[in-house]
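Participant: no sequence on hand, only this structure:
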């Protein structure tokens, strides 16, 4: 089974702090994604990566950056946390090629971040 | 402009009362359509992938079908444990530079009461 883990289930940070959210997948997937999920707004893509050291902006990249130094690990960084970044953050991964599971994304359990 | 629209936003069913959830999409080409289940406070759990019109997939009380413009998730004789938010996502064929990116609908919140 594919397993995607996230470093924290709950996190409380203060405004202005630098925040690191870590995601690790164990299935050698090429693609990794960071979303945030807010009531009424659904899943919104922040950034994604299709290879080591490669990244692309999603729909809402402002205030965030990412790092992918190893294939299995994808980090989301909030450079200076603000209260409007309070949200559920979800990491996902997927294969690029192969078999009948092409492109389906597997999600981690999520990190509930509160910025006060 | 939303490319994936799910309806209804919320659905309440009595246990045993079958129904369907709808996912309509406007992308010009489709590489795949995906259904997920999400429980409160958890990450989405993958259910099905559909690739072409006419395809059907089943899992327990759930059956997903696909036409050229929409997909249905049929729930037969639901139980309270089927209560969750069901998400639909598409992988368009016309986004070469965004390989692997999916576009999600906002979900249907299903409640099944005893």
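Facilitator: Received the coordinates, thanks. All figures in this text were calculated on a predicted structure; none of them were measured in a lab. Numbering: from 1, shown residues only, chains lettered A, B, ... in the order given.
Participant: now do the contacts for the nearest residue to residue B:102 once chain neighbours are set aside.
Facilitator: Sequence neighbours aside, residue B:89 is the residue nearest to residue B:102 in space, at 4.2 Å (criterion: C-beta to C-beta, 6 or more residues apart in numbering or on different chains). C-beta: built from backbone N, CA, C; applies to glycine. Residue B:89 is in contact with A:105, B:4, B:33-34, B:36, B:102-105, counting by C-beta atoms under 8 Å, 6 or more residues apart in numbering or on different chains.
Participant: dump those to TSV, plus distance to residue A:24.
Facilitator: Shown next, in TSV, are these (distance: C-beta to C-beta, whole Å):
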residue	distance to residue A:24
A:105	15
B:4	28
B:33	28
B:34	22
B:36	21
B:102	20
B:103	25
B:104	23
B:105	28
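Participant: which one among the residues you listed gets closest to residue B:16?
Facilitator: Nearest to residue B:16 out of the contacts of residue B:89 is residue B:36 (C-beta to C-beta; 24.1 Å).
Participant: chain neighbours aside, what residue packs nearest to the closest one?
Facilitator: Nearest non-adjacent residue to residue B:36, counting by C-beta to C-beta, 6+ apart: residue B:44, 3.9 Å away.
Participant: against chain B, how distant is residue A:61?
Facilitator: Taking C-beta to the nearest C-beta, to the nearest Å as the measure, residue A:61 falls 13 Å from chain B.
Participant: secondary structure element for that residue?
Facilitator: Using DSSP states H and E, residue A:61 falls within no helix or strand.
Participant: what does residue A:23 give?
Facilitator: strand A:19-25.
Participant: list the buried residues for that strand?
Facilitator: For strand A:19-25, the buried set under the neighbour-count rule, 16 or more other C-beta atoms under 10 Å in any protein chain shown, comprises A:19, A:21-25.
Participant: cool, stretch B:15-24 as well?
Facilitator: Neighbour-count burial for stretch B:15-24 [16+ other C-beta under 10 Å]: B:21, B:23-24.
Participant: and stretch A:32-49, by the same measure?
Facilitator: A:32-37, A:42-43, A:45-49.
Participant: return only those of these found close to chain B.
Facilitator: A:33, A:42-43, A:45, A:48 (C-beta under 8 Å from any C-beta of the partner chain).
Participant: packing partners for the longest strand seen in chain A?
Facilitator: When chain A is parsed with DSSP state E, its longest strand is strand A:42-51. In terms of contacts (3 or more C-beta pairs under 8 Å, 6 or more residues apart in numbering or on different chains; DSSP states H and E), strand A:42-51 is packed against strand A:31-38, strand A:54-57, strand A:64-70, strand A:73-78.
Participant: out of these, which is closest to residue A:86?
Facilitator: strand A:31-38 (8.8 Å).
Participant: quick check: angle from the closest one to strand A:73-78?
Facilitator: 40 degrees (axes from the mean of the first three to the mean of the last three C-alpha atoms, to 10 degrees).
Participant: show me what strand A:31-38 is packed up against.
Facilitator: Judged by 3+ C-beta pairs under 8 Å, 6+ apart, the packing partners of strand A:31-38 are strand A:19-25, strand A:42-51, strand A:64-70, strand A:73-78, strand A:87-94.
Participant: mind putting those in CSV, mean pLDDT included?
Facilitator: Formatted as CSV, those follow (pLDDT from 0 to 100):
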stretch, mean pLDDT
strand A:19-25, 97
strand A:42-51, 93
strand A:64-70, 96
strand A:73-78, 97
strand A:87-94, 97
